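Return atomic coordinates for the entry below.
(one chain, ligands or ions: 1)
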Amino acid sequence: MTLILAYYGISGKGWALFLTAIMLGLTVSSALHPVLLILMWIPVIALDMLALVPPLRKKLLTTPIMHAVKRVLPPLSQTEREALEAGTVCWDGELFSGVPQWKRLMDLPAPKLTPEEQAFLDGPVEQLCEMLDDWEITQNLHDLTPETWAFIKKNKFFGMIIPKRYGGLGFSAFAHSQVVMKIATRSVTAGVTVMVPNSLGPAELLMHYGTKEQQDHYLPRLATGEEVPCFALTGPKAGSDAGAIPDKGVVCMGMHNGEEVLGFRLRWTKRYITLSPVATVIGLAFKAYDPDNLLDPETRRHCHADEVVPPGADDDYAASGTDYVSTEGALGVTCALIPRDTAGVQVGARHMPIGAAFMNGPLWGEDVFIPLSYVIGGKDFIGKGWMMLMNALSVGRSISLPSLATGAGKLASLTTGAYARVREQFGVPIGYFEGVEEAMAPIAGLTYLMDSARKTTSNYVDLGEKPAVLSAILKYHNTEMMRSVMGHTMDVHAGRAVIKGPRNYIASVYKTIPISITVEGANILTRSLMIFGQGAIRCHPYLFEEMETATAGNVDGFDEAFFAHMNRNVQLVARALVHGLTGGALSETRNYEATDRFYRDINRFAAGFALIADFSLLLLGGELKRKEKLSARLGDCLSYLYLASTLLKRYQDDGRPVDDLPLVEWGMAHCMFNFQTAFYAITGNFPSRVLGWTVRKMVFPFGRTQKRPNDALEHRVVALMLEPSATRNRLVDGVYRNERPDDPTGRVEHAFLLKLKSKDEEKKVRSAIKAGEINAEVSLDELIQQVLEKDVLTPEEAQRYREAQMAADDAIKVDHFWPEEVDEFGTSEAASGTERDHALV
Ligand SMILES: Cc1cc2nc3c(=O)[nH]c(=O)nc-3n(C[C@H](O)[C@H](O)[C@H](O)COP(=O)(O)OP(=O)(O)OC[C@H]3O[C@@H](n4cnc5c(N)ncnc54)[C@H](O)[C@@H]3O)c2cc1C
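I've put the predicted structure just below:
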């Protein structure tokens, strides 16, 4: 009975009444010795008093606990607070609660394109993809062609997120994601070029925080590409630790358009800035200071002054007319939009990112004066840059890299399946070898998983959410999954993908993987610090409230949050135990036999995760920040639960096609196995070994029950890649594809389809060779002659067979170059800027 009550989470009052009823029963039945009865009544009465008389509880229990919590709480800096408060909580909050309410996810509408968005994908996006020659772009031009730039601007690719009233396309996040994904399957360079202005950048910031004048001026120009934006946060000394930017703006009077106005005198050094070499307007993040109190008191009151400039951060700034070194009057991170032609702005030099040719470069400014009107949002937003960036990041990071990564997975699934069917060794298509099958299964399995996560998360953005934690999960996991997928894709293609040239459709994506891993939150940091670090406070149902009320000394608020929290922990222990023993059999499912066990697994592990997360927080408190390995593994647990949930959501949204089940099963096995690995690593290294062991035994009472996808499942998954089908089409939906024999990917698909069409002819020819009727060690023409002479094939069949063989021969070909051609594309990368100042930022 106790376990049942705990399982359903009765309140403190409920517990008091329950125990009192038991004691009354025992007393009336006279079953126990009176002394024993009295001894048992004492704690029950104490519990009753505390549970049923709140003023007493608050005085005797809540206040001392609150003071103790306050003492151990690490103070939150304004920057940390803004990062934590940015964004919203979605399904991550349900998982953190340990008792996910599936209705909240499953009842969300499925992501859908409007007819206009679909027409854009079928029209301009398709056309753009056809214009893109990735070899030419990356190897010879080191840029998009002028026609491509013009096409991108004319068709408003830079204005996908800008509302129509400003001349933009006003697309949904899902449509934006589909566009980026499709372009990236053709050219990463073009994908990034289109992605950046629509991601964390001036447009997003202006739409949410810009003044009316700024919106009216810039948004229409950004939408049509009249203005090309970049956004500069990163510098030589502030990469991952972006809050430590040493770039400063000091409030002072200066000349602007012939008038003396209040503004900032700026100095900055930035690097790695995408689109900076071609940008006409620069979004700049800097730290604002007002040492002479020139801003009005109201503006200063809005800002915060807890910015700390790290030691040495100012070394680069030699003394100049403006006191850049002083940290007096710190106002916080501030974002401004600065026209490229502003005096003192230095821009144009290029970095050359590995494997891609999108515009990227350093930029710096010396003694640049800007009026206050250049600050995004005007003077009210001075010092609010960090909050603005964090909010924008929650949206942009959900879309850009996750979509690009999914596109890479779809390209890999499409081409690897086709190639593995076309390429034969030992007289058999390589996709039929078990070893190759083992490498191919994760390509399809991870692609389906990436796509599910992308769809669910972009849908959340469309529903008005700013998914801070989910966007970090997507950024990290989709790019890591892409890394794994592309590694397997290279292995299956082997020499065909190693040799550079216009026929190679894989190598350039493979080479750019480190870019995706590094940008928008480098992956090690994202996993170690951000996913759980943010999730713990953002998603935990009570923690933030407890911190806030304890800091404010609000006893009533703390009392409510703290005891609800304790109550939940009792419930979690009961659930972890019951689910562990029953495999989650009592928990909620969607009553669909094929997937019900997956819901149970997620329910079971969510309770286990919530419990171990809570114990970690209780045991380590603020110290958890420094326990990055523990934090990373807790983040893994949360991530795999989320990714697995998106599989189920997507499967439901797709109408539960039975043929897609192998992909769902593969993804679930992958997620649950990795959850188990992370959980064992957490409990095995837990600061309290006894506690770690106990929780592990509750959640995994029968040991490691979760298994990797097995051989039979891998076989079913790979079979889906080796034949055209509706499932294969769904798997690669949104990829740029054609069947043209003169196209890099089209020629493999072309050969694949012809090979499948001539399956029967191939069989006949193979049998004839085996029977010694014809000789296979001859040219194709001679072979055809033999099969006709020996009546192995009719002329029509022979023609089909010939076409398929020729297409296959073409599909496996790689490029070669003569010395003069190598010179043309091999040497022009030498940096010419190294002798110039600041070229080595
Ligand atoms: C091609 C490209 C395009 C870019 N575009 C832009 C742009 O448009 N605008 C812009 O502002 N920036 C841009 N960036 C910058 C990008 O955001 C940074 O590169 C990124 O933040 C990482 O900084 P870093 O390279 O200096 O690595 P570092 O900060 O030096 O990190 C090195 C390694 O240490 C890890 N690490 C650091 N701190 C921790 C920690 N506390 N715990 C665990 N691991 C940690 C990181 O994960 C990383 O693996 C771009 C970068 C590249 C390469």
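
Look up how far the ligand lies from the closest residue to Ile161 other than its chain neighbours.
Among residues not flanking Ile161 along the chain, Asn198 sits closest, at 4.9 Å (CB to CB, 6 or more residues apart in numbering). To be clear about C-beta, it is placed using only N, CA and C from the backbone, and glycine gets the same treatment. Using CB to the nearest ligand atom, to the nearest Å, Asn198 is found at 13 Å from the ligand.

what's the answer for Glu773, then?
For Glu773, the distance to the ligand - CB to the nearest ligand atom - is 59 Å.

Show me what the one helix or strand His670 maps to is packed against.
Taking DSSP states H and E as the criterion, the element that holds His670 is helix 661-684. Applying 3 or more CB pairs under 8 Å, 6 or more residues apart in numbering; DSSP states H and E, we find helix 661-684 packed against helix 434-462, helix 593-620, helix 628-653, helix 689-699, helix 711-721.

Name the helix or strand of the chain that has the lowest mean pLDDT.
Within the chain, judged by mean pLDDT, DSSP states H and E, the helix or strand with the poorest mean is helix 297-302; its value is a mean of 66.

Which single residue of the stretch 551-700 of the chain ends up nearest the ligand?
Glu628 (5.5 Å; CB to the nearest ligand atom).

count of neighbours near that residue?
17 (other CB atoms under 10 Å).

shouldn't it be in contact with Ser528?
Yes. The pair Glu628 / Ser528 is scored as a contact, 4.0 Å apart, by CB atoms under 8 Å.

Let me know the pLDDT of the closest residue to the ligand within the chain.
For the chain and the ligand, the shortest gap (CB to the nearest ligand atom) falls at Gly239, measuring 1.9 Å. pLDDT, Gly239: 95.

Distance check, it against Thr193.
Taking CB to CB, to the nearest Å as the measure, Gly239 falls 22 Å from Thr193.

Ala681 now?
40 Å.

So for these two, which sits in the more crowded spot?
The residue with more neighbours, out of Ala681 and Thr193, is Thr193; 27 against 16, by other CB under 10 Å.

from memory the more buried one sits against Ala356, does it?
No. In this structure, Thr193 is not within contact of Ala356 by CB under 8 Å, at 9.5 Å.

ok, now which ones touch the residue of the stretch 551-700 of the chain closest to the ligand?
Neighbouring residues of Glu628 by CB atoms under 8 Å, 6 or more residues apart in numbering: 528-529.

hmm, back to that, so which of the helices and strands packed on helix 661-684 is nearest Leu756?
Leu756 sits nearest to helix 711-721 of all the helices and strands packed on helix 661-684, at 12.6 Å, using CB to CB.

how would you label Gly361: helix, strand or coil?
Using DSSP: H, G, I helix; E, B strand; the rest coil, the structure places Gly361 in strand.

what's the neighbour count on Ile10?
The tally of other residues near Ile10 (other CB under 10 Å) stands at 17.

And for it, nearest residue in space, chain neighbours not counted?
Nearest to Ile10 is Phe18, by CB to CB, 6+ apart, at 7.1 Å.

and what of Val194?
Phe157 (4.8 Å).

Just put the helices and strands packed on helix 661-684 in CSV and tack on mean pLDDT and distance to Gln118.
Formatted as CSV, the helices and strands packed on helix 661-684 follow (pLDDT from 0 to 100; distance: least, CB to CB, whole Å):
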stretch, mean pLDDT, distance to Gln118
helix 434-462, 98, 15
helix 593-620, 94, 29
helix 628-653, 97, 17
helix 689-699, 95, 45
helix 711-721, 98, 25
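
Throw the ones you listed into TSV and include distance to Val732, thanks.
Shown next, in TSV, are those (distance: least, CB to CB, whole Å):
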stretch	distance to Val732
helix 434-462	8
helix 593-620	23
helix 628-653	15
helix 689-699	37
helix 711-721	9
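
Next one, pLDDT for Trp15 please.
Trp15 is assigned a predicted lDDT (pLDDT) of 84.

got the contact list for it?
Contacts of Trp15 (CB under 8 Å, 6+ apart): 5, 47, 51.

Quick check on the residues you listed: which are buried?
Ala51 (16 or more other CB atoms under 10 Å).

Among the contacts of Trp15, name the ones in helices.
In helices, judged by DSSP state H, the following of those are found: 5, 47, 51.
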